[in-house]
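# Pasting the sequence and the predicted model now:
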Amino acid sequence: MSNPKQNIEEIKLGFYVTPEHECNYLPGKNAQTVFADPDFPMNENIYTTLASHGFRRSGNHIYKPQCQQCHACIAIRLPVTNFTMSRNQKRNWARNKDLKINKLFAEFDDEHFDLYQRYLAARHPDGDMGTSDLKGFISFLTTNWATTVFYEFRKKNKLLAVAVVDELVDGLSAVYTFFDPDESNRSLGRYAVLTEIEMALNRGLQWLYLGYWIADCRKMQYKDEYQPLEYYYQKKWHHKPPQDTD
């Protein structure tokens with residue numbers, strides 16, 4: 001297996017900082033984002049190294065927040081071998097055992113796209129991601145240099161959810177999940193994360209990267225239930241979140 005811990009300085013990869021823009025998570029705050037050079041020839045090893053330094057993928061772009069006056073966005077990952085389901089998670093796991101899970105390599109599918117549009121309309125009607133059309137769907141979820149898979153969750157032949165996952169050298173990265181808004185009683189977002197943990201364990205991988213955690217953002221609070229999380233700040237991983245992120 002290739003070494004995913006290559007020193008990030010040895011890659012000779014350029015980074016670019018955006019001008020300040022309105023924060024999507026904390027009202028009244030401005031944000032800045034660091035992007036890896038989009039013209040650099042990316043691969044799985046470099047992507048894994050960047051993920052281990054708190055970066056995420058959106059389409060072909062690798063990024064992380066880097067705001068001057070705020071440090072609220074904290075990259076998190078779960079060491080999957082240390083995870084134990086809570087009572088609520090066990091109930092969720094049992095409730096969804098009637099679903100069939102299919103692993104597909106990422107490519108466009110009309111059924112996926114229809115479900116994606118229904119999900120955005122119900123859950124993010126005022127969203128500004130610009131990803132609700134066909135072009136946005138493809139450019140947001142997929143890339144031509146990473147191994148991205150779609151986990152389908154079906155009840156018989158009915159598609160209920162899709163979890164988009166990147167395969168790293170030493171872990172999985174949860175990119176996005178969308179599901180049938182009429183099936184809220186199943187808590188399919190939670191079940192998707194539990195499934196990703198199971199998939200990582202089955203492959204002998206170490207980590208599930210879960211994106212960014214923000215203490216004061218309500219829609220990020222669900223991530224707290226997957227423990228023990230590790231938090232990336234001060235250029236290293238910690239077992240506890242920072243006490244002050246302002």
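Right, received. Where do you want to start? Residues are numbered from 1 along each chain as shown.
# residues in contact with Ser173?
By Cβ atoms under 8 Å, 6 or more residues apart in numbering, the contact set of Ser173 is 51, 56-57, 165-166, 208-209. C-beta coordinates here come from the backbone N, C-alpha and C atoms, glycine included.
# Which members of these occur in strands, if any?
Among those, the residues falling in strands (DSSP state E) are 56-57, 165-166, 208-209.
# In those, find the pair that's most separated.
Of all pairs drawn from the ones in strands among the contacts of Ser173, the greatest distance, 14.6 Å, lies between Arg57 and Leu208 (Cβ to Cβ).
# Between those two, which is the more surrounded one?
Taking Arg57 and Leu208 together and counting by other Cβ atoms under 10 Å, Leu208 has the greater number of neighbours (26 against 23).
# Identify the residue spatially nearest to the more buried one, adjacent ones excluded.
Distances taken as Cβ to Cβ, 6 or more residues apart in numbering put Leu78 closest to Leu208, at 4.6 Å, once the chain neighbours are dropped.
# Contacts only, for that neighbour.
Contact analysis of Leu78 by Cβ under 8 Å, 6+ apart lists 197, 207-208, 210, 226-230.
# Over to Lys100?
Under the criterion of Cβ under 8 Å, 6+ apart, the neighbours of Lys100 are 152-156.
# For those residues, could you give me a markdown table that also reports secondary structure?
As requested, the contacts of Lys100 are exported to a markdown table (DSSP: H, G, I helix; E, B strand; the rest coil):
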| residue | secondary structure |
| --- | --- |
| Glu152 | strand |
| Phe153 | strand |
| Arg154 | strand |
| Lys155 | strand |
| Lys156 | coil |
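# Which of the residues you listed ranks first by neighbour count?
For the contacts of Lys100, neighbours were counted using other Cβ under 10 Å, and Phe153 has the most, 24 neighbours in all.
# Val193: how many residues sit nearby?
Neighbour count for Val193, taken as other Cβ under 10 Å: 22.
# Just say helix, strand or coil for it.
helix.
# Please apply the same query to Asn92.
Quick answer, by three-state DSSP: Asn92 is helix.
# Next, count neighbours for it.
Residues near Asn92, counting by other Cβ under 10 Å, number 19.
# Domain map for this protein?
Domains of the chain are assigned by automatic domain parsing as 8-75+211-219+231-238, 80-202.
# ok, and the closest non-adjacent residue to Ser187?
Closest to Ser187 by Cβ to Cβ, 6+ apart is Asn92, at 5.3 Å.
# Isn't that neighbour up against Tyr191?
Yes: using Cβ atoms under 8 Å, Asn92 is in contact with Tyr191, at 5.6 Å.
# does Ser187 really touch Trp93, like I thought?
No: Ser187 lies out of contact with Trp93 (Cβ under 8 Å); the separation is 10.3 Å.
# picking that back up, okay if I get the contacts of Lys100 as TSV plus pLDDT?
Putting the contacts of Lys100 into TSV (pLDDT from 0 to 100) gives the following:
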residue	pLDDT
Glu152	98
Phe153	98
Arg154	98
Lys155	97
Lys156	95
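# will you turn those into JSON lines that also has distance to Ile62?
Putting the contacts of Lys100 into JSON lines (distance: Cβ to Cβ, whole Å) gives the following:
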{"residue": "Glu152", "distance to Ile62": "26"}
{"residue": "Phe153", "distance to Ile62": "28"}
{"residue": "Arg154", "distance to Ile62": "32"}
{"residue": "Lys155", "distance to Ile62": "35"}
{"residue": "Lys156", "distance to Ile62": "38"}
